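1. the following block contains a protein sequence and its predicted model.
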Amino acid sequence: MKYDVVIIGAGPGGIFSAYELIKKKPELSIAILETGHPLKERHCPIDGVKVKSCVNCPTCSIMNGFGGAGAFSDGKYNITNDFGGTLFEYIGRDKAIELMHYVDLINTSHGGEDTQMYSTAGTALKKLCMQNSLTLLEASVRHLGTDINYVVLTNLFEEMKERVEFFFDTPAEKIEAFEGGFRIHTGKGSLESRYCIVSVGRSGSKWMERICGELSIPTKSNRVDIGVRVELPAAIFSHITDELYESKIVYRTKKFEDRVRTFCMNPHGIVVNENTNGIITVNGHSFEDEDRKTDNTNFALLVAKHFSEPFKDSNGYGESIARLSNMLGGGVIVQRFGDLERGRRSSEKRIHEGTVQPTLSATPGDLSLVLPKRILDGIIEMIYALDKIAPGTANDDTLLYGVEVKFYNMEVKLKNNLETEGYEGLYVIGDGSGVTHSLSHASASGVFVARDVLERI
Ligand SMILES: Cc1cc2nc3c(=O)[nH]c(=O)nc-3n(C[C@H](O)[C@H](O)[C@H](O)COP(=O)(O)OP(=O)(O)OC[C@H]3O[C@@H](n4cnc5c(N)ncnc54)[C@H](O)[C@@H]3O)c2cc1C
């Protein structure tokens, strides 16, 4: 089967590249290969009642399928060069922001029109942070919410399905380059195309590494972020979340001068399990729908670690820590901040007696047995720093879930147009390239390469 373009992966990167291609040149023949299921068939069996923890499905419905890892996410599209990836290093700051706004326009014309855009620019919080040794990063954020994000993806799929041939439950196995194109092998046959856009996300990181090895495309190791998810009464953070929804705050620790940052804030949200290659870590969601809101807010506190010589495997380090928590807790561990400070494990009874009721069923335990001292010290310092701008953060009953690990793919060596060196027409985008790690950056990278292909065709 011959196509103009074959896209590997139907996450935001793949979706937005296909969308841009069919909008600008509807006559192109385009195929998308996707490991997971169509959106409406994606169901995680964890229901909190019969199935409480991950049963390791052959294909994880949270990470794979139409919509990619972002399908059941909180749908926060951060429009910024300050975090979420380094796309601007390739395409320039202005272009990156312009494309993120363009993606926002598509989202808001496909069901997201009534959602809110927040901005950190010129807020009183910026000053308050500065006065307390904290830095508030600049961003505009469109919060779609898990429910509207699903609606937007459904609408995009409906619009694309007539023009794009989707092959679900069909992982790409191998990419073969030949004169004038690429042959992409799957377990069900192979596809040929002139251009190939690879957008396999975090779940495709190991596969990507193998492909880069086979095609001799150079790569370099990336960082890993390790920390905890904090859950507390929504009222404690309401003066921040009501105004900004998502605030990225950075703190430089006094002890080690490490950077600790807040990540993925979910006002009135829930804490959830995340499965990355069979390892259970923690994440968070929130909803636009009033009926699904909880009394709690959650966010992550993360510390970045980057290894280069002689040990290079930053992700392997993060995986080992997550495995340790899985070994001790059978999954995610939860601990009251007061218990952590007193050097004792949390128990069901202590959690139950606390004022913060957990939104995730996790095993009460002791995070100090899991997290390295340096990381844990940084997190504790940051909690006290946040307590100055949001009093109550350092309360005894504040819950900490561990571990949260943010894995980054190794960085694929790419030209400024996100094309691989030595293979004309082979692009690597989104989180799978190591260049992006967010919805808006991954989506923008998709639009960018689609336009590059369009210029050449
Ligand atoms: C629970 C959760 C919440 C999140 N919340 C946010 C948020 O609010 N804001 C934000 O900016 N980011 C968020 N993120 C991160 C965001 O989802 C990702 O940055 C984004 O989805 C990356 O897009 P992508 O297209 O590069 O990769 P992905 O979304 O990971 O998509 C890649 C797709 O490729 C498929 N694939 C992999 N290998 C193959 C193969 N060999 N053959 C065929 N298909 C393959 C996968 O099945 C997957 O569907 C969240 C992530 C998670 C897990």
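-> Yep, that arrived. What you see is a predicted model, and the numbers here were worked out from it, not measured in a lab.
2. ok, then the element right after the host helix or strand of Tyr195?
-> Secondary structure here is read from DSSP states H and E; on that basis Tyr195 sits in strand 189-198. Scanning the chain past strand 189-198 towards its C-terminal end, the next helix or strand to appear is helix 205-214 (assignment: DSSP H and E).
3. give the buried residues for that following helix.
-> Within helix 205-214, the residues scored as buried using 16 or more other C-beta atoms under 10 Å are 205, 207-209, 211-212. C-beta coordinates here come from the backbone N, C-alpha and C atoms, glycine included.
4. just want the angle from it to strand 189-198.
-> Regarding helix 205-214 and strand 189-198, their directions subtend 90 degrees when assessed with axes from the mean of the first three to the mean of the last three C-alpha atoms, to 10 degrees.
5. contacts for stretch 182-189?
-> Under the contact criterion C-beta atoms under 8 Å, 6 or more residues apart in numbering, stretch 182-189 has outside partners 1, 6, 8, 33, 167, 170-177, 190-196, 423, 425-426.
6. residues from the stretch 51-200 of the chain in reach of the ligand?
-> Among all residues of the stretch 51-200 of the chain, those adjacent to the ligand (criterion: C-beta under 6 Å from any ligand atom) are 64-65, 68-70, 73-76, 78, 84, 171-172, 199-200.
7. now, among these, which is nearest to Asn149?
-> Proximity of those to Asn149, judged by C-beta to C-beta, is greatest for Gly75, which lies at 3.1 Å.
8. burial of the closest one, as a residue count?
-> Gly75: 27 surrounding residues under other C-beta atoms under 10 Å.
9. how about it, what does it touch?
-> For Gly75, the residues meeting the contact criterion (C-beta under 8 Å, 6+ apart) are 143-146, 148-149, 152, 439.
10. kindly recompute the last result at 7 Å.
-> Counting by C-beta atoms under 7 Å, 6 or more residues apart in numbering, Gly75 makes contact with 143-146, 148-149.
11. ok, now Arg451?
-> Residues near Arg451 by C-beta under 7 Å, 6+ apart: Glu20.
12. separation between the residue of the stretch 351-457 of the chain found nearest the ligand and Arg252?
-> The shortest separation between the stretch 351-457 of the chain and the ligand is 2.3 Å, found at Gly430 (distances taken as C-beta to the nearest ligand atom). Gly430 sits 30 Å away from Arg252, taking C-beta to C-beta, to the nearest Å as the criterion.
13. pick out whichever of these two has more residues nearby.
-> Taking neighbours as other C-beta under 10 Å, Gly430 and Arg252 compare with Gly430 leading, 39 against 16.
14. isn't that one right up against Ser199?
-> Yes - taking C-beta atoms under 7 Å as the contact criterion, Gly430 and Ser199 are neighbours in contact, 4.2 Å apart.
15. any idea how far stretch 159-172 is from the chain center?
-> The gap between the average C-alpha position of stretch 159-172 and the chain average comes to 23 Å, counting by C-alpha atoms, centre = their mean, to the nearest Å.
16. I should have written stretch 342-360 there, sorry.
-> Its chain's C-alpha centre lies 28 Å from the corresponding centre of stretch 342-360 when counted by C-alpha atoms, centre = their mean.
17. is any residue of that stretch near the ligand?
-> No - Stretch 342-360 lies out of reach of the ligand by C-beta under 6 Å from any ligand atom, never closer than 12.4 Å.
18. using PDB, write out every CA atom in that stretch.
-> Presented in PDB, the C-alpha positions along stretch 342-360 are these (Å, rounded to 0.1, in the frame of the first residue of the first chain):
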ATOM      1  CA  ARG A 342       7.900  12.600  62.200                       C
ATOM      2  CA  GLY A 343       9.700   9.800  60.500                       C
ATOM      3  CA  ARG A 344       6.900   7.300  60.700                       C
ATOM      4  CA  ARG A 345       4.800   5.500  58.100                       C
ATOM      5  CA  SER A 346       1.200   6.400  57.600                       C
ATOM      6  CA  SER A 347      -1.500   3.800  58.400                       C
ATOM      7  CA  GLU A 348      -5.100   3.400  57.200                       C
ATOM      8  CA  LYS A 349      -6.200   4.700  60.500                       C
ATOM      9  CA  ARG A 350      -4.100   7.900  60.500                       C
ATOM     10  CA  ILE A 351      -5.100   8.700  56.900                       C
ATOM     11  CA  HIS A 352      -8.800   8.000  57.800                       C
ATOM     12  CA  GLU A 353      -8.600  10.300  60.800                       C
ATOM     13  CA  GLY A 354      -7.000  13.100  58.800                       C
ATOM     14  CA  THR A 355      -8.900  16.100  57.300                       C
ATOM     15  CA  VAL A 356      -7.900  15.300  53.700                       C
ATOM     16  CA  GLN A 357      -9.700  12.300  52.300                       C
ATOM     17  CA  PRO A 358      -7.600  10.700  49.500                       C
ATOM     18  CA  THR A 359      -9.100  10.600  46.000                       C
ATOM     19  CA  LEU A 360      -6.900   7.600  45.100                       C
END
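19. list the buried residues of that stretch.
-> Of the residues in stretch 342-360, 345-346, 350-351, 354, 356, 358-360 count as buried by neighbour count, 16+ other C-beta under 10 Å.
20. now, the most widely separated pair of those residues?
-> Arg345 and Thr359 (20.5 Å).
21. okay, helices next: where are they in the chain?
-> Along the chain, the segments classed as helices by DSSP state H run 12-24, 88-91, 93-108, 124-131, 145-160, 205-214, 234-244, 314-329, 337-342, 348-353, 373-389, 439-456.
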